[in-house]
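In: this one's structure only:
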């Protein structure tokens with residue numbers, strides 16, 4: 001990225017100037033504050049960082065305005081009642097500010113509050129050291145670090161709910177670095193006026209000032225479908241069709257199971273649009289509470305949008321009975337253009353290939369059916385498989401898929417609430433490694449011979465202990481490649497082993513001969 005090169009503020013210069021930035025852990029601690037902790041270790045060489053190492057020490061903390069009123073409850077001597085406060089996972093990215101007194105590259109941190117409030121805040125964490133006074137050198141004071149807060153109290157934020165979905169950061173065709181904030185959730189029975197809306201909002205904010213550039217509302221009527229309601233918009237994912245570092249599109253799901261496509265290709269914010277991209281058979285049966293993941297579609301433009309369905313937001317979501325709906329994992333093809341037909345689950349006009357899931361001895365398997373471009377008459381719009389294992393009733397996806405872009409694979413993490421043992425409260429679920437293009441079992445998973453393994457299925461994963469119940473799941477590769485591990489998650493059948501699967505071995509794949517002349 002050459003932006004800023006003319007005034008010696010290029011991204012290369014920014015990276016060079018911050019190579020020794022001391023590692024810092026930012027934690028929303030649900031005590032009313034975002035905390036910044038020194039993340040160095042006892043083995044950190046002081047010469048390698050720009051702040052003297054003090055492992056685990058708090059550098060500073062920040063109290064968002066939207067959660068400030070709840071702080072008094074924490075000091076109550078009588079009738080103490082817990083209330084959520086600062087509970088959203090922070091998101092960071094390097095951005096460029098092109099106006100004001102801070103022209104140049106900065107590292108931006110933004111986060112919501114989940115049930116702690118209806119607001120999003122932004123901090124400048126370019127420099128890790130902080131002081132109560134004015135700034136000097138690489139030390140930032142509060143006035144320089146705190147950038148803005150966007151909440152429901154302003155006219156522009158009236159439709160902002162409780163900010164369960166994470167914000168996302170990107171640069172759009174209007175030339176602005178922006179923060180995308182999903183409209184969020186409202187608890188059942190909410191009295192807020194916005195809770196009565198039948199549309200969802202995606203707020204596009206200026207990354208430097210927090211000013212609202214555009215509130216994009218989902219349409220309430222869609223062609224032949226007719227009336228379409230939406231509420232509970234969750235974390236949006238941004239996509240770049242042309243690989244030019246300018247985001248073109250965003251996708252986000254809602255609590256009714258719709259997935260919306262936000263077209264951001266126009267340089268004029270007034271021309272940004274929201275379209276219904278995917279609609280479930282029965283709205284509400286398969287809610288989408290995760291951020292979709294975008295993968296290239298082989299031999300075609302656009303993306304394959306991968307997401308799972310299910311929710312785990314309140315006490316009643318633990319209940320599993322005869323009315324519990326089967327959830328699923330989908331990969332829906334996006335053409336890369338506005339105006340494409342809405343994919344309606346189960347509708348023959350937008351066919352999907354169904355892969356089938358099985359389980360034998362705690363090992364999961366999937367079919368490997370091809371997903372061609374057409375079925376001879378109609379375009380195939382993607383794939384899906386149901387989470388319909390009889391012994392895992394209530395299984396759902398409440399964690400973002402882990403993307404392995406180098407091999408177009410996705411790790412799908414599920415939660416099985418009814419499997420929890422009161423004497424062993426660790427969550428239970430399953431991990432599956434799938435081919436993002438087809439939804440079939442991907443290469444790399446091998447648990448050896450499994451007695452009674454059914455013909456026609458390829459091993460894809462296994463039951464696990466202690467999967468996350470929200471957010472995302474990291475994966476790490478061994479030095480030199482060959483194996484990928486998922487830390488913190490153990491095989492249910494053998495708790496001494498972590499979940500792992502094969503990966504490519506690092507090696508030189510090409511070279512060029514240089515022949516010097518005389």
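Out: Perfect, I can see it now. Only a predicted model underlies this, so the values are computations on that prediction, with no experimental measurement involved. Numbers count the residues shown, from 1 in each chain.
In: Give the other helices and strands that the strand ranked longest in the chain contacts.
Out: Counting by DSSP state E, the longest strand found in the chain is strand 481-491. Where contact means 3 or more C-beta pairs under 8 Å, 6 or more residues apart in numbering; DSSP states H and E, strand 481-491 is packed against strand 458-465, strand 476-477, strand 498-505. To be clear about C-beta, it is placed using only N, CA and C from the backbone, and glycine gets the same treatment.
In: Listing partners with orientation, what would you give for it?
Out: Strand 481-491 pairs in its sheet with strand 458-465 (antiparallel), strand 476-477 (antiparallel), strand 498-505 (antiparallel), by DSSP bridges.
In: Could you work out which of these reaches nearest to residue 55?
Out: strand 476-477 (21.5 Å; C-beta to C-beta).
In: Distance from that closest one to the middle of the chain?
Out: On the basis of C-alpha atoms, centre = their mean, to the nearest Å, strand 476-477 sits 19 Å off its chain's mean C-alpha point.
In: For burial, what's the neighbour tally of residue 54?
Out: 13 (other C-beta atoms under 10 Å).
In: residues touching residue 301, list them.
Out: 241, 335-337 (C-beta atoms under 8 Å, 6 or more residues apart in numbering).
In: if we look at the longest strand of the chain, which residues are touching it?
Out: Under C-beta under 8 Å, 6+ apart, the answer for strand 481-491 is 362, 402, 404, 411, 431, 444, 462-467, 473-478, 496-506.
In: For the residue nearest to residue 286 when sequence neighbours are not counted, report the pLDDT, please.
Out: Leaving out its chain neighbours, the residue that sits closest to residue 286 by C-beta to C-beta, 6 or more residues apart in numbering is residue 309, at 3.8 Å. For residue 309, the pLDDT comes out at 98.
In: so residue 309 makes contact with residue 397?
Out: Yes - under the criterion of C-beta atoms under 8 Å, residue 309 makes contact with residue 397 at 6.1 Å.
In: Now name the helix or strand holding the most centrally placed residue in the chain.
Out: By C-alpha atoms, centre = their mean, the mean C-alpha position of the chain lies nearest to residue 291, the distance being 4.1 Å. Under the criterion DSSP states H and E, no helix or strand holds residue 291.
In: thinking again about what came up before, can you lay out the helices and strands packed on strand 481-491 as a markdown table showing mean neighbour count?
Out: Converted to a markdown table, the helices and strands packed on strand 481-491 look like this (neighbours: other C-beta atoms under 10 Å):
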| stretch | mean neighbour count |
| --- | --- |
| strand 458-465 | 23 |
| strand 476-477 | 13 |
| strand 498-505 | 18 |
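In: now for those strands, which one comes closest to residue 60?
Out: strand 476-477 (29.4 Å).
In: coming back round to it: would CSV of the helices and strands packed on strand 481-491 with distance to residue 379 and mean pLDDT be doable?
Out: CSV is the format used below for the helices and strands packed on strand 481-491 (distance: least, C-beta to C-beta, whole Å; pLDDT from 0 to 100):
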stretch, distance to residue 379, mean pLDDT
strand 458-465, 26, 97
strand 476-477, 36, 90
strand 498-505, 32, 90
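In: could I get those strands as JSON lines with distance to residue 286?
Out: Putting the helices and strands packed on strand 481-491 into JSON lines (distance: least, C-beta to C-beta, whole Å) gives the following:
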{"stretch": "strand 458-465", "distance to residue 286": "21"}
{"stretch": "strand 476-477", "distance to residue 286": "31"}
{"stretch": "strand 498-505", "distance to residue 286": "26"}
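In: Please name whichever of those strands is nearest to residue 260.
Out: strand 458-465 (28.9 Å).
In: ok, residues contacting the closest one?
Out: Contacts for strand 458-465 (C-beta under 8 Å, 6+ apart): 357, 359, 362-368, 392, 412, 416, 426-434, 440-442, 445-447, 450, 489-493, 495, 499.
In: picking that back up, so how far is residue 315 from the residue nearest to the centre of the chain?
Out: Distance of residue 291 to residue 315, computed by C-beta to C-beta, to the nearest Å: 24 Å.
In: same question, residue 65
Out: From residue 65 to residue 315 the distance is 29 Å (C-beta to C-beta).
In: neighbour-wise, which of those two wins?
Out: Set residue 65 next to residue 315 and count neighbours by other C-beta under 10 Å: residue 65 wins out with 13 against 6.
In: Nearest residue to the more buried one in space, please, no chain neighbours.
Out: residue 149 (5.2 Å).
In: returning to that earlier point: show me which residues of the longest strand of the chain are buried.
Out: Neighbour counts over strand 481-491 (16 or more other C-beta atoms under 10 Å) mark 484-486, 489-491 as buried.
In: Give me the mean pLDDT for it.
Out: Rounded mean pLDDT across strand 481-491 is 92.
In: tell me how far that strand is from the chain's mean position?
Out: The answer for strand 481-491 is 20 Å, by C-alpha atoms, centre = their mean.
In: thinking residue 336 is in contact with residue 302, fair?
Out: Yes - contact criterion C-beta under 8 Å: residue 336 and residue 302 qualify, at 3.4 Å.
In: Now for those two: what residues contact both?
Out: Contacts common to residue 336 and residue 302, judged by C-beta under 8 Å, 6+ apart, are residue 241.
In: Contacts for the helix or strand of the chain with the lowest mean pLDDT next, please.
Out: Lowest mean confidence among the helices and strands of the chain (mean pLDDT, DSSP states H and E): helix 71-74, at a mean of 78. Contacts to helix 71-74, defined as C-beta under 8 Å, 6+ apart, come from residues 31-32, 63, 80-81, 83, 85.
In: ranking those residues by neighbours, who comes first?
Out: residue 85 (26 neighbours).
In: low-confidence ranges in this structure?
Out: 1-7, 133-137, 419-422, 516-518 (pLDDT under 70).
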